[in-house]
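K.L.:
Have a look at this prediction, sequence included:
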Amino acid sequence: MLKEKKIILLSPTIEDGGVEKNLYNISNYLVKKFDKIYLISANKDKLHNFSNKIDFKFPKTNYFINSNRLIKSLIFFFLLLKLGFRQKNSIILSFNNNILNIFFAKLIGAKIIIRSNTSLKSYIKNNLKKKIFNFFFSLADKVIVNSESMMKEMKIYFNINAKCIYNPLENNEFIVKKSNETINPPVYFKNTLNILSIGRIVKQKNHILLLKALNNIKNKINFKLIIIGDGEEKKTLESYISKNNLQKKIDILAFKENIYPYLKSSDLFVSTSNYEGLPNVLLEALSLKKIIFCTDCPTGPKEILNNGRFGSLYPVNGIEDLSKLILNYSINKKEYEKMAIDGFNSLQKYNFDINCEKYFEVIDSFI
């Protein structure tokens, strides 16, 4: 039987990444549980990712789709006020821009559950920010995080007992099926070390580290790197590629709805982030038994890779460390294969239904 409580999902901006994939998965699961779900966002272009049973509220115009996050947040807030969700029996689940959403929830007297998905170390840079976030986060009725490391951070920074719910990983049969789709045109070479990196091309993801690491060893191994993503740092990467004559070895592809064929066809997946939450793409790489090299950044990679048992961890900004890892892998591939298999066998705790159900249980506890 469907619950009759009104659920409002808030996501002022919907981009192309792991946070958004979790938003789609959790939203489309919750629609099976509740009679009425609203989702409010400034990104009407993402409507196709959601169940048609969700009542999607967005600006009528397409003008704001490519606006920056601040503009989208302002439009989003005015949209909330215009829609008039002034019902105290509503329950809000916030996926990003939590301070704004907490303010709105308190304005209308609604319960609010926030999902914090990025290491606090990445944005709590001074005492003023700490006090601001501490004040607002303490007003939330529940805080959900996606890793045990973030749960510890929430306790240390704000003395908040957050609930850890892992990102729901899509069913492995689904992933394997999607991975069998053809890549057209082909992007990888035979008799080459085929390397893949996926993520928004922004400073946080630090793709330039991978380019520099590969430039160090370009005369020692034959490789092909594919980077999949979009973002403001793309021109910086393209400039480095051109200056170092790497055009034949490195391609940057736009965001792909289906990344699984690229993962399946690669030999090695590399992540270079300065910080993360619980990166979906590492789980997806493990689901296809890929070798992973990843920065030991806060918060999720060490947890996913079990302190380096399921993939190799190297220091943030560790250019030389990554160069050595790639060289070693090109010579001794066999020693890494067991890590990938062990990682694949560890994925049960990210089970799709189990973790989506945990979101329902948290919401249901306020009904």
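P.N.:
Structure received. Residues are numbered from 1 along each chain as shown.

K.L.:
Contacts for stretch 210-221 next, please.
P.N.:
The contact list for stretch 210-221 (C-beta atoms under 8 Å, 6 or more residues apart in numbering) reads 193, 195, 197, 223, 225, 227, 237, 240-241, 244, 246, 249-250, 270, 272, 319-320, 322-323, 326-327, 330. To be clear about C-beta, it is placed using only N, CA and C from the backbone, and glycine gets the same treatment.

K.L.:
List only those of the residues you listed flagged as buried.
P.N.:
193, 195, 197, 223, 225, 227, 237, 240-241, 246, 249-250, 270, 272, 319, 322-323, 326-327, 330 (16 or more other C-beta atoms under 10 Å).

K.L.:
now the helix or strand of the chain with the lowest mean pLDDT, how far from the centre of its chain.
P.N.:
Ranking every helix and strand in the chain by mean pLDDT, DSSP states H and E puts helix 69-83 at the bottom, with a mean of 73. Its chain's average C-alpha position is 23 Å from that of helix 69-83, according to C-alpha atoms, centre = their mean, to the nearest Å.

K.L.:
Name the residues of the helix or strand following that helix that are buried.
P.N.:
Per DSSP states H and E, helix 69-83 leads on to strand 91-94 as the next helix or strand towards the C-terminus. Within strand 91-94, the residues scored as buried using 16+ other C-beta under 10 Å are Ile91, Ile92, Leu93, Ser94.

K.L.:
right, and the pair among these with maximum separation?
P.N.:
Ile91 and Ser94 (10.8 Å; C-beta to C-beta).

K.L.:
which neighbours do the two share?
P.N.:
With C-beta under 8 Å, 6+ apart, Ile91 and Ser94 have common neighbours Ile112, Ile113.

K.L.:
In helices, which of the contacts of stretch 210-221 appear?
P.N.:
Of the positions in the contacts of stretch 210-221, Leu237, Tyr240, Ile241, Ile319, Glu320, Leu322, Ser323, Ile326, Leu327, Ser330 sit in helices, assigned by DSSP state H.

K.L.:
Am I right that the fourth one is in contact with Leu209?
P.N.:
To tie it back to what came earlier, the one meant is Ile319. Yes. If you go by C-beta atoms under 8 Å, Ile319 and Leu209 touch, sitting 5.9 Å apart.

K.L.:
what's the closest residue to Gly300 other than its chain neighbours sitting at in phi/psi?
P.N.:
Spatial nearest neighbour of Gly300, chain neighbours left out: Leu278 (3.6 Å); criterion: C-beta to C-beta, 6 or more residues apart in numbering. When quoted as degrees, to the nearest 10, the phi and psi of Leu278 stand at phi -140, psi 90.

K.L.:
distance of Leu278 from Pro298?
P.N.:
Distance of Leu278 to Pro298, computed by C-beta to C-beta, to the nearest Å: 11 Å.

K.L.:
And for Ser312?
P.N.:
Relative to Pro298, and taking C-beta to C-beta, Ser312 is found at 18 Å.

K.L.:
Show me the strands in the protein, by range?
P.N.:
3-10, 34-40, 55-57, 91-94, 111-116, 142-145, 163-164, 193-198, 223-228, 250-253, 268-271, 291-295, 312-314 (DSSP state E).

K.L.:
pLDDT score for Ile40?
P.N.:
For Ile40, the pLDDT comes out at 86.

K.L.:
Count the neighbours of the residue lying closest to it once chain neighbours are set aside for me.
P.N.:
Using C-beta to C-beta, 6+ apart and skipping residues adjacent in sequence, the residue nearest Ile40 is Lys57, 4.6 Å away. When neighbours are counted by other C-beta atoms under 10 Å, Lys57 registers 17.

K.L.:
contacting residues for Met166?
P.N.:
You called it Met, but residue 166 is Tyr. So, once contact is read as C-beta under 8 Å, 6+ apart, Tyr166 ends up touching Asn146, Ser147, Leu278, Lys349, Tyr350, Asn355.
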